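>>> I'll drop the sequence and a predicted model, then ask my questions.
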Amino acid sequence: MSIGLIGGTGLNRLEGLEVLASHAVDTPYGRPSMAIEEGVLSGRKLFFLHRHGGSGGPIPPHLVNYRANLWALREMGVERIFAANAVGAISPSMMPGKLIIPHQLIDYTWGREHSFDDGSSGSLQHVDFTHPYDEELRGEIIRAADDAGVAYIDGAVMGVVQGPRLETAAEVKRFFQDGCDLLGMTGMPEAALSRELEIPYAAVCMVVNAAAGINDAPISMDAIRATLLSETALFVDLLEAFLKQ
């Protein structure tokens, strides 16, 4: 079964991936963020797409062409999607340095092209999104983490915010009251578009900072980058264990 990996901040290239080909895919929705790399990792074929990639520089989260990205992965024959997200933590149990496998999300984004349904099909394309992450795929990721001895937390609610700015302390308080454990900028509409295309989708979150106002420490970009380096190594360990299954 063909696996697609969507990399985020800190995962713009995949260490150990033996690249066999690079595919520039045209879609009805334009070009994806970058050419899709087809390669082999841990003996398994993998299609890698960095969602912030771009020849003109990094694409901010609110300008990513999510529809083109998902459509292109499907065109390459991808049958399951493993996504990486760098996030901030609200929940005290999910502070920087941990991998989180979320089970739910709340979408706060706006203005993004969030559906393939443009009204031309002649019928409304309602999609069940009760459980946004595929439970079977989540289970396989969890088993892989156990096999590899990679520390993780099973279950979290990710609030997906617009970006690219970080949140105010008052906003974080509101998100906490809504039930969010984590805050990220790229989980939607990616998860919903994958569901529309009937591609199982699950995410692994790398916690890189405590959200605004959670503690007295200022948010440091240098600290975020340093945390990303260590967590990316953990993420790759988990991914390799998953592929070996």
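Right, received. Where do you want to start?
>>> and S123, what pLDDT?
In the predicted model, S123 carries a pLDDT score of 68.
>>> Would you map the helices across the protein?
66-75, 135-148, 169-178, 190-196, 221-244 (DSSP state H).
>>> Of all those helices, which one is nearest E113?
Closest to E113 of the helices of the chain is helix 66-75 (Cβ to Cβ; 5.4 Å). To be clear about C-beta, it is placed using only N, CA and C from the backbone, and glycine gets the same treatment.
>>> Give me the contact list for the closest one.
Contacts to helix 66-75, defined as Cβ atoms under 8 Å, 6 or more residues apart in numbering, come from residues 4, 6, 23, 25, 27-33, 36, 47, 49, 51, 81, 112-114, 116, 189-190, 193-194, 197, 199.
>>> now these: which count as buried?
Buried subset of the contacts of helix 66-75 (neighbour count, 16 or more other Cβ atoms under 10 Å): 4, 6, 25, 27, 29, 31-33, 36, 47, 49, 51, 81, 112, 114, 116, 189-190, 193-194, 197, 199.
>>> Inside strands: which ones of those residues?
Using DSSP state E, 4, 6, 36, 47, 49, 81 are the members of those that sit in strands.
>>> partners of the fifth one in the sheet?
On DSSP bridges, the residues paired with L49 through beta bridges are I6.
>>> The third one now?
With DSSP bridges applied, I36 shows beta-bridge pairing to H23.
>>> For the remainder of this discussion, apply numbering that starts at 12.
With the count now opening at 12, the last piece we talked about shows up as I47.
>>> Low-confidence ranges, this structure, go.
Of all residues in the chain, those with pLDDT under 70 make up the ranges 65-67, 132-135, 228, 231.
>>> Nearest residue to F93 in space, please, no chain neighbours.
Among residues not flanking F93 along the chain, L16 sits closest, at 5.1 Å (Cβ to Cβ, 6 or more residues apart in numbering).
>>> my bad, K255
Leaving aside its chain neighbours, K255 sits nearest to S53 (5.2 Å; criterion: Cβ to Cβ, 6+ apart).
>>> before we move on, the earlier item: dump the residue contacts of the residue nearest to F93.
L16 touches 25, 57-60, 92-95, 250, counting by Cβ under 8 Å, 6+ apart.
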